[in-house]
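Colleague: next come a sequence and a model predicted from it.
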Amino acid sequence: MDACYDRVQAALQRLKLGDIAQQLDHVAAQAAREEWSYLVFLDQLLAGEQVARAGRDVAMKTKLARLPFVKTLDQFDFAAQPSVNERQVRDLATGRFVAHGENVLLLGPPGVGKTHLAVALGVAAISQGMGVYFLTVADLLDMIERDAKAGRLQQRLQTLCKPKLLILDEMGYFPLDAVAARFLFQLVSRRYTKGSMIITSNKSYGEWGDVVADQVLASAILDRLLHVSTTINIRGQSYRLREKRRAGIFHDLATTPTEEVLAPTDARA
């Protein structure tokens with residue numbers, strides 16, 4: 001029996017079934033106690049291997065996604081943001097929009113949870129085996145500047161077209177020059193109906209022309225982004241400053257009314 005056990009362990013290692021090798025003794029002992037059939041015994045071993053592999057896959061995809069943090073929808077305070085339709089967001093978390101190559105755009109002032117929702121949807125997609133990549137517009141602009149000097153813009157474009165879901169955060173905080181605007185247009189065009197995007201922005205669609213510095217190009221980008229998409233407007237005050245306001249430490253600055261900043265709520269193109 002010892003020789004047989006050694007052969008089984010060696011075979012499991014050669015076949016790269018390390019998790020089965022680790023759980024073999026425990027599962028075999030349970031099978032003997034409960035008098036499992038050979039088929040049930042094999043089923044339990046394979047189930048454990050699948051769970052372990054799925055866990056490693058999620059961990060690897062999470063690392064490759066370069067998320068700024070890992071948060072789920074269960075950690076989002078929907079009660080504090082009544083402008084967000086929880087049912088709609090949880091439906092997006094099923095991943096159907098990614099399967100259909102659709103986009104999600106999250107609009108709202110700073111601090112209302114846009115990035116949290118984008119990350120949570122990314123985490124949900126990863127849990128379903130999808131490739132995800134997170135990028136701020138500031139980081140994208142840095143990449144474009146470096147790649148343009150090195151003549152690697154096409155390689156960068158190909159790289160950003162690979163993930164099933166690309167999250168582009170903080171659109172509108174930094175203006176795009178002509179090179180960056182053309183790159184964004186190419187990126188959106190190549191991913192159109194083939195790869196989904198989640199974009200967060202503090203700007204209404206009517207203001208994108210100022211960000212891109214080219215009204216025609218901005219219209220072309222939005223035309224492709226919004227063709228099959230879901231827009232979620234988030235109104236309200238910043239999470240980060242809420243407690244400061246309550247304590248009287250911080251007072252609101254004069255800002256443009258929310259109604260003027262955002263597009264119609266829950267618009268679907």
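Modeller: Received the coordinates, thanks.
Colleague: can you pull out the helices in the chain?
Modeller: Applying DSSP state H to the chain gives helices spanning 2-14, 18-34, 38-65, 86-92, 96-99, 114-127, 137-150, 153-160, 178-191, 208-212, 215-226, 239-246, 258-261.
Colleague: report the central residue of this structure.
Modeller: residue 122 (2.3 Å; Cα atoms, centre = their mean).
Colleague: looking at the helices of the chain, which is buried most?
Modeller: Of all the helices of the chain, helix 114-127 has the most neighbours on average by mean count of other Cβ atoms under 10 Å, namely a mean of 23. Just so you know, the C-beta spots here come from the backbone N, C-alpha and C atoms, and that holds for glycine as well.
Colleague: was I right to think residue 235 contacts residue 107?
Modeller: No: with contact defined as Cβ atoms under 8 Å, residue 235 does not reach residue 107; the gap is 9.6 Å.
Colleague: tell me which of those two has more neighbours.
Modeller: Set side by side, residue 235 and residue 107 show more neighbours around residue 107, with 25 against 17, by other Cβ atoms under 10 Å.
Colleague: how close does the more buried one sit to residue 174?
Modeller: 17 Å (Cβ to Cβ, to the nearest Å).
Colleague: what of residue 168?
Modeller: 12 Å.
Colleague: shared neighbours of these two, anything?
Modeller: In terms of Cβ atoms under 8 Å, 6 or more residues apart in numbering, residue 168 and residue 174 are both contacted by the residues residue 137.
Colleague: the more surrounded of the two?
Modeller: residue 168 (23 against 14).
Colleague: next up, the contacts around the more buried one.
Modeller: Residue 168 makes contacts with 135, 136, 137, 140, 197, 198, 199, 200, as judged by Cβ under 8 Å, 6+ apart.
Colleague: need the contact list for residue 36.
Modeller: Taking Cβ under 8 Å, 6+ apart, we find residue 36 in contact with 30, 44.
Colleague: what pLDDT does it get?
Modeller: The per-residue pLDDT reported for residue 36 equals 95.
Colleague: how close does it get to residue 47?
Modeller: To residue 47, residue 36 is 13 Å away according to Cβ to Cβ.
Colleague: likewise residue 235?
Modeller: Distance of residue 235 to residue 47, computed by Cβ to Cβ: 46 Å.
Colleague: for this protein, name the helix or strand with the lowest mean pLDDT.
Modeller: helix 258-261 (a mean of 37; mean pLDDT, DSSP states H and E).
Colleague: doesn't residue 105 make contact with residue 230?
Modeller: Yes: between residue 230 and residue 105 there is a contact under Cβ under 8 Å: 7.3 Å.
Colleague: just checking, residue 69 touches residue 118?
Modeller: No: between residue 69 and residue 118 there is no contact under Cβ under 8 Å: 11.1 Å.
Colleague: how about the helices of the chain in a markdown table, adding distance to residue 75?
Modeller: Formatted as a markdown table, these follow (distance: least, Cβ to Cβ, whole Å):
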| stretch | distance to residue 75 |
| --- | --- |
| helix 2-14 | 38 |
| helix 18-34 | 29 |
| helix 38-65 | 15 |
| helix 86-92 | 13 |
| helix 96-99 | 21 |
| helix 114-127 | 7 |
| helix 137-150 | 24 |
| helix 153-160 | 28 |
| helix 178-191 | 28 |
| helix 208-212 | 30 |
| helix 215-226 | 27 |
| helix 239-246 | 12 |
| helix 258-261 | 24 |
